[in-house]
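K.L.:
sequence first, then the predicted structure:
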Protein chains: 2
Amino acid sequence: MPEPGAFTIHATDGNARRATLSTAHGDIQTPIFMPVGTQGTVKALCPEDLHGIGAQIILGNTYHLYLRPGDELVARRGGLHKFMHWDRPILTDSGGFQVFSLQEIRKITEQGVEFRSYIDGSKHFFSPEKAVEIQQNLGSDIMMVLDECVGYGADHEYTAKSLELTTRWAQRCREFHPKGKNGQLLFGITQGGFFKDLRELSLAQLREIDFDGFAIGGLSVGESTTEMYDILSHIAPMLPAEKPRYLMGVGTPLDILEGIEHGVDMFDCVLPSRNARNGTLYTSQGKVNIKRAEFREDDAPLDPQCDCYTCRNFSRAYLRHLYVAKEILSYRLNTIHNLAFFLKTVALARKAIETGTLAKLKRAYQAVYEARA
Amino acid sequence: MPEPGAFTIHATDGNARRATLSTAHGDIQTPIFMPVGTQGTVKALCPEDLHGIGAQIILGNTYHLYLRPGDELVARRGGLHKFMHWDRPILTDSGGFQVFSLQEIRKITEQGVEFRSYIDGSKHFFSPEKAVEIQQNLGSDIMMVLDECVGYGADHEYTAKSLELTTRWAQRCREFHPKGKNGQLLFGITQGGFFKDLRELSLAQLREIDFDGFAIGGLSVGESTTEMYDILSHIAPMLPAEKPRYLMGVGTPLDILEGIEHGVDMFDCVLPSRNARNGTLYTSQGKVNIKRAEFREDDAPLDPQCDCYTCRNFSRAYLRHLYVAKEILSYRLNTIHNLAFFLKTVALARKAIETGTLAKLKRAYQAVYEARA
């Protein structure tokens, strides 16, 4: 088996790459989308459901798992893989995004960030070392450094100061977790908001640290599509070509294809699973809201071009009934389909890169999808 | 394939019978427990989950399906089996129990019962013929007659009057649905409250009508275990021996074994699925509440003697975490286990009848379970 962190590029199409990333729990074919499993489960699905839709890697949220059930408890259970009965790769975020976005009350110092639990209001402190230690306890295959995620609208001065802190924290994370330790990879996160000079500065500083991969943080935080794509198209191709590139928390099917086009390899987003629970479903003909009256007597599968469990076995009329009746099965069937659609999108992108037809694939999606939908 | 309604007794143990009931969607090995699928889905489960735990037949609620999505809509979809992707037998109740127990405002006349929708307050009317017509539309394998289910505490006079009405309604149901029509069976329901003379009277009247099976209605409505078992043990063995016997809405594992002992073949109850969603789980060592702190770090399966999907793959610690975190997967894993436990209980009873050891099986359950738990 290849060394964790080995990254082999098989084909390119412009800046887009078709590659394999090796981890301690197996290889990942990229570009890939990672379903989000916040609390040790991808909401409404069991591991076999994820196998069924071809999920190669899932994401766990450090912030949530630290608070409940607790990373040390998970470690005593043999790690997150064993705890949740998932034998494929897991990426954990650093908890930074949740701390900075979910918390009203939090205090940043050079040492780290203090915050309150969303569960019981209790005080907690994440240093860069602590954020990594938690991820070590969870036993994820890919860990993320603690970063400060500045909100949309932060000025140049604040953003510059913040990225310097993020760099110092990144350095501390790497020192706390030397390369190769326990087969767990560590990715750096570039920040710099919506200023190209700061994005370049952040990247230049992080390149000096020997990370196993590089992420783009701080996008999809309230900016326009134009602003986001402007930064994405500028910085993504500048990330080290020989390492995996991860665009955090993004996004829609077109966002993902845009990211792939600019050389991104990995994506995660709650959009498909959260939308599934709200009845908003992705199909080859665009987004549909399953609760609409037009589906009351519609015997067709949700997406005739989809071969997921939901589309193979149930009609739009039944899915609408389950949704309207608020049945638990509704959440599961909808989530299976939406995640299958996102995983199919990256599978099609992988094939397109191999045949040099990524631009054509993107045009096909543009015919039925808008950028931020 | 045998004619729907064919009922073959293979073995007996006292009053208990081990039999096979044939329906249009296949044979049912009795005694059997029927998971309740109120709104066209057994809550939190998909049909494959039900296959996995050996469910042979499920129950659908006429009252709920009539109101939403509507029996005519279901008929236009090809019936309930096709609509919900379930290819094994379905029994539907008549809606009577819901109308009489859920409704504050309802009006009974000779003609039928008027009630209001729990969804939007709209007025509706069930005649005996209408209740059967709805079940014809749903296409269930076993239909139930419309009956008046008198509450606990009704006096002899009211109960007597009520059972006469139930008999007249039963007659009208049979006339509306002649024996053998569309392969759909029709069961009569004996009433009579907690008066043995009225129970016998009800049965004597219903015997005159050629039903495909006989149910005991009006138990588990608030009475003590002693009162319930007193009526059950008196009337169950008097039901026609050559037809399937169904004890409606009952009950706990010991209730079921008690029913089997007195000659009942079929049971349904929301107890295992509802309790599952509340974190109350049935095991070979008794009931447990999965949210208890003692399970925080318990790596054992919920029930080491159980081979259901939940027990094969997940620990008590993980099940507790999912429950505390209110994860959707919690409802599914708990429901799979509880229904597996009830289905295993009747499977053990079938085997025990074949070997003449039902009393021994019941004693084993009595060692860890109380009658009404």
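P.N.:
Yes, it's here. Numbering: from 1, shown residues only, chains lettered A, B, ... in the order given.
K.L.:
how far away is the residue most central in space within chain A from residue A:253?
P.N.:
The centroid of chain A falls nearest to residue A:268 when counting by Cα atoms, centre = their mean (1.8 Å). Relative to residue A:253, residue A:268 is positioned 14 Å away (Cβ to Cβ, to the nearest Å). Placement of C-beta: from N, CA and C, glycine included.
K.L.:
ok so, going back, burial of the nearest residue to the residue nearest to the centre of chain A once chain neighbours are set aside, as a residue count?
P.N.:
Leaving aside its sequence neighbours, residue A:268 sits nearest to residue A:34 (Cβ to Cβ, 6 or more residues apart in numbering or on different chains; 4.2 Å). Residues lying near residue A:34 (other Cβ atoms under 10 Å in any protein chain shown) number 25.
K.L.:
where's residue A:34 relative to residue A:90, distance?
P.N.:
9 Å.
K.L.:
which residues are common contacts for the two?
P.N.:
A:57, A:58, A:59 (Cβ atoms under 8 Å, 6 or more residues apart in numbering or on different chains).
K.L.:
just those residues now: which is nearest chain B?
P.N.:
residue A:58 (13.2 Å; Cβ to the nearest Cβ).
K.L.:
next up, the contacts around that closest one.
P.N.:
A:34, A:35, A:36, A:37, A:42, A:50, A:86, A:88, A:89, A:90, A:91.
K.L.:
who does it bridge with?
P.N.:
residue A:90 (DSSP bridges).
K.L.:
look up how far residue A:244 lies from it.
P.N.:
According to Cβ to Cβ, residue A:58 stands 16 Å off from residue A:244.
K.L.:
now the longest helix belonging to chain A: buried residues?
P.N.:
In chain A, with assignment by DSSP state H, the single longest helix is helix A:328-354. Residues of helix A:328-354 classed as buried by neighbour count (16 or more other Cβ atoms under 10 Å in any protein chain shown): A:328-350, A:352-353.
K.L.:
which helix or which strand is home to the closest residue to residue A:153 other than its chain neighbours?
P.N.:
Once flanking residues are discounted, residue A:153 sits nearest to residue A:222: 7.5 Å by Cβ to Cβ, 6+ apart. Assigning secondary structure by DSSP states H and E places residue A:222 outside every helix and strand.
K.L.:
how about residue A:222, what does it touch?
P.N.:
Contacts of residue A:222 by Cβ under 8 Å, 6+ apart are A:151, A:152, A:153.
K.L.:
and if we set it to 10 Å?
P.N.:
A:151, A:152, A:153, A:228 (Cβ atoms under 10 Å, 6 or more residues apart in numbering or on different chains).
K.L.:
what's the average pLDDT for the longest helix of chain A?
P.N.:
For helix A:328-354, mean pLDDT is 98.
K.L.:
ok, now stretch A:360-373?
P.N.:
Mean predicted lDDT for stretch A:360-373 stands at 90.
K.L.:
ok and the residue in the stretch 101-250 of chain A nearest chain B?
P.N.:
For the stretch 101-250 of chain A, Cβ to the nearest Cβ, closest residue to chain B: residue A:119, 9.4 Å.
K.L.:
not counting sequence-adjacent ones, nearest residue to that residue?
P.N.:
Nearest one to residue A:119, counting by Cβ to Cβ, 6+ apart, is residue A:67 at 5.7 Å.
K.L.:
surely the one you found touches residue A:117?
P.N.:
Yes. Using Cβ atoms under 10 Å, residue A:67 makes contact with residue A:117 at a distance of 5.3 Å.
K.L.:
between those two, what contacts are shared?
P.N.:
residue A:124.
K.L.:
which of these two has more neighbours?
P.N.:
In this view residue A:67 and residue A:117 are compared by other Cβ under 10 Å, and residue A:67 has more residues nearby, 20 against 14.
K.L.:
for residue B:48, see how far away residue A:321 is.
P.N.:
In terms of Cβ to Cβ, residue A:321 sits 19 Å off from residue B:48.
K.L.:
can you check residue A:41 too?
P.N.:
19 Å.
K.L.:
which one's more surrounded, these two?
P.N.:
residue A:41 (25 against 11).
K.L.:
next, that one: phi, psi?
P.N.:
phi -160, psi 130 (degrees, to the nearest 10).
K.L.:
which residues does it contact?
P.N.:
Residue A:41 neighbours (Cβ under 10 Å, 6+ apart): A:47, A:50, A:58, A:60, A:84-86, B:318, B:321-322, B:325, B:327-330, B:333.
K.L.:
let's see 6 Å
P.N.:
Going by Cβ atoms under 6 Å, 6 or more residues apart in numbering or on different chains, residue A:41 touches B:327, B:329.
K.L.:
could you look up the SS state of residue A:135?
P.N.:
Look at residue A:135: counting by DSSP: H, G, I helix; E, B strand; the rest coil, its state is helix.
K.L.:
let me know the pLDDT of it.
P.N.:
For residue A:135, pLDDT reads 98.
K.L.:
just checking, it touches residue A:143?
P.N.:
Yes. At 4.0 Å, residue A:135 and residue A:143 qualify as touching, with contact defined as Cβ atoms under 6 Å.
K.L.:
so which of these two has more stuff around it?
P.N.:
Shown here are residue A:135 and residue A:143; by other Cβ under 10 Å, residue A:135 has more neighbours (31 against 27).
K.L.:
which parts of stretch A:150-162 are buried?
P.N.:
A:150, A:154, A:159, A:160, A:162.
K.L.:
how about the residues of chain A by chain B?
P.N.:
Proximity of chain A to chain B, by Cβ under 6 Å from any Cβ of the partner chain, involves residues A:39, A:41, A:43-44, A:69, A:77, A:83, A:85, A:313-314, A:317-318, A:321, A:325, A:327-329, A:331.
K.L.:
residue contacts, residue A:8?
P.N.:
Contacts of residue A:8 by Cβ under 6 Å, 6+ apart are A:19, A:20.
K.L.:
distance of it from chain B?
P.N.:
33 Å (Cβ to the nearest Cβ, to the nearest Å).
K.L.:
buried residues, the helix or strand containing that residue. List them.
P.N.:
Assigned by DSSP H and E, residue A:8 falls within strand A:7-13. The neighbour-count check on strand A:7-13 (16+ other Cβ under 10 Å) flags A:7, A:12, A:13 as buried.
K.L.:
how about the CA coordinates for it, as PDB?
P.N.:
The C-alpha trace of strand A:7-13 is given here as PDB (Å, rounded to 0.1, in the frame of the first residue of the first chain):
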ATOM      1  CA  PHE A   7      -0.400  11.900  -4.400                       C
ATOM      2  CA  THR A   8      -0.300  10.700  -8.000                       C
ATOM      3  CA  ILE A   9      -1.600  12.800 -10.800                       C
ATOM      4  CA  HIS A  10      -2.900  10.600 -13.700                       C
ATOM      5  CA  ALA A  11      -4.200  13.200 -16.100                       C
ATOM      6  CA  THR A  12      -4.800  17.000 -16.500                       C
ATOM      7  CA  ASP A  13      -7.200  19.100 -18.400                       C
END
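K.L.:
now the angle between helix A:328-354 and it, please.
P.N.:
70 degrees (axes from the mean of the first three to the mean of the last three Cα atoms, to 10 degrees).
K.L.:
what's the helix or strand following strand A:7-13 in contact with?
P.N.:
Per DSSP H and E, the first helix or strand lying C-terminal to strand A:7-13 is strand A:16-23. Strand A:16-23 is contacted by residues A:2, A:4, A:6-11, A:27-30, A:89, A:141, A:244, A:260-261, A:350, A:353-354, A:358 when judged by Cβ under 6 Å, 6+ apart.
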